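>>> mind looking at a prediction? Sequence and model below.
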Amino acid sequence: MRYFFHIAYNGHQYHGWQRQPKHISIQEVIEDCLSRIVKMPTMIMGCGRTDAQVHASQYFFHADIQEEWHYDFVFRMNKVLPSDIALFNIIPVERNAHAQFDAKSRTYDYFIHTYKDPFLTQSSSLYLEKNLRYDLMNEAANLLTKYNDYRSFCKSPDQYKHTLCNIKSVQLFSNSNTDRIRIQITADRFLHGMIRAIVAKLLKIGKGELSIAEFENYLIKKEMHPNLEFAYPQGLYLSKIIYPYLNIPHSSSFMDRFKLTPENEWAIVTP
């Protein structure tokens, strides 16, 4: 029987989702814990890869488990999983359902704070920048939906058959103090390092180091850049996965930590 597992994780201590021979990964930890519960080696397939120190406030993986269980599986898994990985629920699916290939959209959120705050260190990226031009960043971000080849924003484009991505929406939010910003991007797929490369360019625009025309030129030329810059990883979250047969709201209260006070709420950045 195939099951989808709905989880969230804080990626700060891990070298990404995918199992690796010399580094600890989210996949390795979950597979080891799951194998202990079902008492046999069990492999899992995730809905996508996240880089080292990147988080997921919503994530799905699938696993095939032959034996039925008559105990609280979620409870047992959460007892053996470390505190920075949480399992919310387990959903039985069709035998051919696939956590990675069946996903029709993925949403990422990137959080930035522009003042030092020790309580945001691992959950938001610090950029000590005054007077970022959020309006220009937003104008540039809106160009992303007009193009579909993101080779210029990929860390290793040659590993893919193609670098086409359909970005469905991009939104920028800031708080009323304009010292925190949230960038949200939804697409059918993302390339290696793509979000962080885009954010790095948007920050350069906000600082006046890159023009909107120069940013658009990256999208037009579709060339690989050997010195591509990337924003810090800890501000990035895989935050929503939608399947044709599955659209589950957040089970984690994690995002509540980013809800601001009533007098200082997130607002959409407009031109």
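Great, that's in hand. On a predicted model such as this, the values are computed, not experimentally measured, just so you know. Residues are numbered from 1 along each chain as shown.

>>> state the helix or strand in which the spatially closest residue to residue 228 that is not a sequence neighbour lies.
Leaving aside its sequence neighbours, residue 228 sits nearest to residue 197 (C-beta to C-beta, 6 or more residues apart in numbering; 5.5 Å). (C-beta placed from N, C-alpha, C; glycine too.) Per DSSP states H and E: residue 197 is located in helix 194-206.

>>> poorly predicted segments of the chain, please.
By pLDDT under 70, the low-scoring segments of the chain are 251-266, 270-271.

>>> thinking again about what came up before, which element follows the helix holding residue 197 toward the C-terminus?
Defined by DSSP H and E, the subsequent element after helix 194-206 is helix 212-221.

>>> in that following helix, what counts as buried?
By neighbour count on 16 or more other C-beta atoms under 10 Å, the buried set for helix 212-221 is 215, 218, 219.

>>> ok so, going back, got the contact list for the residue nearest to residue 228?
153, 154, 155, 228, 229, 230, 231 (C-beta atoms under 8 Å, 6 or more residues apart in numbering).

>>> repeat that for residue 116.
Here residue 116 is in contact with 126, 128 (C-beta under 8 Å, 6+ apart).

>>> ok so, going back, helix 212-221 and the helix holding residue 197, what's the angle between them?
Counting by axes from the mean of the first three to the mean of the last three C-alpha atoms, to 10 degrees, helix 194-206 lies at 150 degrees to helix 212-221.

>>> can I get helix 194-206 as PDB, trimmed to CA atoms?
The C-alpha trace of helix 194-206 is given here as PDB (Å, rounded to 0.1, in the frame of the first residue of the first chain):
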ATOM      1  CA  MET A 194      16.700  29.100  -8.600                       C
ATOM      2  CA  ILE A 195      14.800  30.800  -5.800                       C
ATOM      3  CA  ARG A 196      17.900  32.000  -4.000                       C
ATOM      4  CA  ALA A 197      19.500  33.200  -7.300                       C
ATOM      5  CA  ILE A 198      16.400  35.200  -8.000                       C
ATOM      6  CA  VAL A 199      16.300  36.700  -4.500                       C
ATOM      7  CA  ALA A 200      19.900  37.700  -4.700                       C
ATOM      8  CA  LYS A 201      19.200  39.600  -7.900                       C
ATOM      9  CA  LEU A 202      16.100  41.300  -6.400                       C
ATOM     10  CA  LEU A 203      18.200  42.400  -3.400                       C
ATOM     11  CA  LYS A 204      20.800  44.000  -5.800                       C
ATOM     12  CA  ILE A 205      17.900  45.800  -7.500                       C
ATOM     13  CA  GLY A 206      16.700  47.000  -4.100                       C
END
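
>>> once you drop chain neighbours, what's closest to the most centrally placed residue in the chain?
The residue lying closest to the centre of the chain (C-alpha atoms, centre = their mean) is residue 238, at 2.3 Å. Nearest residue to residue 238 in three dimensions, chain neighbours excluded: residue 56, at 4.2 Å (C-beta to C-beta, 6+ apart).

>>> tell me which element that neighbour is part of?
If you go by DSSP H and E, residue 56 is part of strand 55-64.

>>> as PDB, could you dump the C-alpha coordinates of that strand?
Coordinates of each C-alpha in strand 55-64 appear next as PDB, following Å, rounded to 0.1, in the frame of the first residue of the first chain:
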ATOM      1  CA  HIS A  55      13.300  24.600   5.600                       C
ATOM      2  CA  ALA A  56       9.800  23.200   4.600                       C
ATOM      3  CA  SER A  57       6.700  24.200   6.400                       C
ATOM      4  CA  GLN A  58       4.800  21.800   4.200                       C
ATOM      5  CA  TYR A  59       6.400  18.700   2.500                       C
ATOM      6  CA  PHE A  60       5.200  15.300   1.300                       C
ATOM      7  CA  PHE A  61       6.900  12.100   0.600                       C
ATOM      8  CA  HIS A  62       5.500   8.700  -0.300                       C
ATOM      9  CA  ALA A  63       6.400   5.200   1.000                       C
ATOM     10  CA  ASP A  64       5.200   1.700   0.300                       C
END
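
>>> buried stuff in it?
Per 16+ other C-beta under 10 Å, strand 55-64 contains these buried residues: 55, 56, 57, 58, 59, 60, 61, 62, 63.

>>> since that was my last question, I'll sign off now.
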